[in-house]
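Q: Structural data only, the sequence is not supplied:
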């Protein structure tokens, strides 16, 4: 259940970040409300994940890495944004770093 909550937190964070494109500097009401609601829900869910005992290092590493990769993939696939081989490789390194954090936390316990 903890990782399900984390997945939902990530989904809300990604949704809020995608809605940022439409806010026009928070001058457009509906997208601005979507951003605010999504971010509040994301942080509430993240706090529940931490309350359930997942370490902040692992939770934040998974949250940030997933957010970066998913936003970049959506941008590339659906929003006509560029994604160079170097950027894709950098995201691969981020994912490797998250795995290292997860493994390091497991062995430290």
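A: Looks like it arrived, so ask away. Quantities reported herein were computed from a predicted structural model and do not represent experimental measurements. Numbering: from 1, shown residues only.
Q: For this protein, which helix or strand comes out least confident on mean pLDDT?
A: Across the helices and strands of the chain, mean pLDDT, DSSP states H and E gives its lowest value to helix 85-108, namely a mean of 87.
Q: elements contacting that one?
A: Packing contacts for helix 85-108, counted by 3 or more C-beta pairs under 8 Å, 6 or more residues apart in numbering; DSSP states H and E, involve helix 56-78. No exception for glycine: its C-beta is placed from N, CA and C like everyone else's.
Q: returning to that earlier point: how far off helix 56-78 does the least confident helix or strand of the chain point, in degrees?
A: 160 degrees (axes from the mean of the first three to the mean of the last three C-alpha atoms, to 10 degrees).
Q: If we go by neighbour counts, what in helix 85-108 is buried?
A: The neighbour-count check on helix 85-108 (16 or more other C-beta atoms under 10 Å) flags 91, 94, 98, 101 as buried.
Q: quick one: pLDDT of the residue most central in space within the chain?
A: Nearest residue to the geometric centre of the chain (C-alpha atoms, centre = their mean): residue 67, 2.6 Å. Model confidence at residue 67, given as pLDDT, is 94.
Q: close enough to count as contact, it and residue 10?
A: Yes. Using C-beta atoms under 8 Å, residue 67 is in contact with residue 10, at 6.1 Å.
Q: With residue 53 as the reference, measure out to the residue nearest to the centre of the chain.
A: 22 Å (C-beta to C-beta, to the nearest Å).
Q: likewise residue 47?
A: Distance from residue 47 to residue 53, by C-beta to C-beta: 12 Å.
Q: Helix or strand: which one has residue 7?
A: Assigned by DSSP states H and E, residue 7 belongs to helix 2-20.
Q: Can you list the helices and strands that whichever helix or strand comes after that helix packs against?
A: Counting by DSSP H and E, the next helix or strand C-terminal to helix 2-20 is helix 29-51. For helix 29-51, the contact count by 3+ C-beta pairs under 8 Å, 6+ apart identifies helix 2-20, helix 56-78 as packing neighbours.
Q: the inter-axis angle of the first one versus helix 56-78?
A: Just to be clear, that refers to helix 2-20. 50 degrees.
Q: got the contact list for helix 2-20?
A: When contacts are defined by C-beta atoms under 8 Å, 6 or more residues apart in numbering, helix 2-20 is touched by residues 31, 34-39, 41-43, 45-46, 48-49, 52-54, 59, 62-63, 66-67, 70-71, 74.
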